[in-house]
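Student: Whatever this is, show me its structure:
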Amino acid sequence: MSERRASRVWAGRVVATAAAIVATACGGADGEGGRGPAASAATSEPRFDGAAAFELVVQQVAFGPRVPGSAGHRAMAEWLEEYLSARADTLIVQRFSHVALDGRTLPLVNFLARFRPSASPPVLLLAHWDTRPVSDQALEPEDRGKPVPGANDGASGTAVLLQLADMLHRVPPPRGVDVLLVDGEDYGDFTPGDDVFLGSRYFASHLPQDYAAEYGVLLDMVGDRDLDIYVEGNSNQLAPEVVDRVWGVAQRLGFSDVFHRRVRHTINDDHIPLNEAGIPTINVIDFDFPYWHTPEDTPDKVSASSLGVVGAVVTRLVYRGR
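Tutor: All right, here's what the predicted structure looks like:
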């Protein structure tokens, strides 16, 4: 992702969510992912398991860098296809290639896991699963050529959606839900927009026949231990009604100290091609992450509680709508 403003602001703060709310979000009582019952006794809405999502972050990072063309990328693609095909009602795999400015031909693959596809129009939830080949924001010059592990930038949003896919398989949603994992978001240069957002651009130009999602929500960098999610500027301009819906859910769940209802950053990301394709889509992102595009973007910087908060909001969206 790229930011149009030059500054990057970091304000370390411990998320002070009430213990009962965190326990609900994470599926347990300890706030760092203790397991709870699969569903709330009061409703048929399942409970999102933040600990399980965190384990999925760890599993992704264990593949190594997921840079297109790498061994880790190939291994994770195989794992994603197996994981999603065992859970989705329909799985669409989009394989394509892109010749980058550096001359490399990148083998890329998107995964569209559909749940109740006949109950249209679906809600579209997406994240990117690839990782960046260089740590251009590293403080030490010798580290800038290293690939980014991508625990938060890539694996966190993917983990939330993979855990959600498991829930959707076990407890079918009352409406259509599409989980889209896009490739090639983080390869190139964000300033001119070269070799980035490759998967979302491909999906937007190769939509399934008669495809019409009601709205979309992109999850990117949602695992930060000090989670603060502000409204993203392009989202507020292009899909304000979706912003209202998502932030309204977060407020009703008691997460107004995490989901802040004001714009802080304006970011080009995978939501832009979808809006251009006519799908109103917002970006849920905590861009104030001090390890962004560095070798320190590792699982210890990610929290099961943060994943649980975002997962609880997304779960409420798909099972209740508001």
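
Student: So the nearest residue to H128 once chain neighbours are set aside versus A71, what's the distance?
Tutor: What sits nearest to H128 in space, not counting adjacent residues and going by Cβ to Cβ, 6 or more residues apart in numbering, is E185, at 3.5 Å. Just so you know, the C-beta spots here come from the backbone N, C-alpha and C atoms, and that holds for glycine as well. E185 is 20 Å from A71, where distance means Cβ to Cβ, to the nearest Å.

Student: Of those two, which one has the most company?
Tutor: Neighbour count, other Cβ atoms under 10 Å: between E185 and A71, E185 has more, with 27 against 12.

Student: OK, contacts around that one?
Tutor: M1, H128, D130, G154, V196, F197, L198, G199, S200, D269, D270 (Cβ atoms under 8 Å, 6 or more residues apart in numbering).

Student: redo that, cut-off 10 Å
Tutor: 1, 126-132, 153-154, 196-201, 218, 220, 269-270 (Cβ atoms under 10 Å, 6 or more residues apart in numbering).

Student: Also A277?
Tutor: Per Cβ under 10 Å, 6+ apart, neighbours of A277: S200, R201, F203, A204, S205, L207, Y211, A213, G216.

Student: Which strands or helices does the helix or strand harbouring the second one pack on?
Tutor: Pointing back at R201 there. With elements taken from DSSP states H and E, the one containing R201 is helix 198-205. Helix 198-205 sits against strand 90-99, strand 105-115, strand 123-128, strand 177-182, helix 271-276, with contacts defined as 3 or more Cβ pairs under 10 Å, 6 or more residues apart in numbering; DSSP states H and E.

Student: Repeat the analysis, applying 7 Å as the threshold.
Tutor: Identification of packing neighbours for helix 198-205 by 3 or more Cβ pairs under 7 Å, 6 or more residues apart in numbering; DSSP states H and E yields strand 90-99, strand 105-115, strand 177-182, helix 271-276.

Student: tell me the mean pLDDT for it?
Tutor: Computed over helix 198-205, the mean pLDDT rounds to 98.

Student: which residues are contacting that helix?
Tutor: Under the criterion Cβ atoms under 7 Å, 6 or more residues apart in numbering, residues 94, 96, 98, 108, 110, 128, 180, 182-185, 187, 270, 273-274, 276-277 lie in contact with helix 198-205.

Student: quick one on the thing from earlier: turn the helices and strands packed on helix 198-205 into a markdown table, including distance to L164 and mean neighbour count.
Tutor: Formatted as a markdown table, these follow (distance: least, Cβ to Cβ, whole Å; neighbours: other Cβ atoms under 10 Å):
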| stretch | distance to L164 | mean neighbour count |
| --- | --- | --- |
| strand 90-99 | 15 | 15 |
| strand 105-115 | 9 | 22 |
| strand 177-182 | 7 | 26 |
| helix 271-276 | 18 | 22 |
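
Student: Make TSV out of the ones you listed and add mean pLDDT and distance to A165.
Tutor: Listed next are the helices and strands packed on helix 198-205 as TSV, based on pLDDT from 0 to 100; distance: least, Cβ to Cβ, whole Å:
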stretch	mean pLDDT	distance to A165
strand 90-99	98	10
strand 105-115	98	6
strand 177-182	98	5
helix 271-276	98	19
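
Student: Take those and lay them out in TSV including distance to G248.
Tutor: Converted to TSV, the helices and strands packed on helix 198-205 look like this (distance: least, Cβ to Cβ, whole Å):
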stretch	distance to G248
strand 90-99	30
strand 105-115	23
strand 177-182	19
helix 271-276	19
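
Student: hang on, the earlier thing: ok, and the most crowded of the contacts of A277?
Tutor: Going by other Cβ under 10 Å, S200 tops those with 28 neighbours.

Student: distance of that one from A51?
Tutor: 29 Å.
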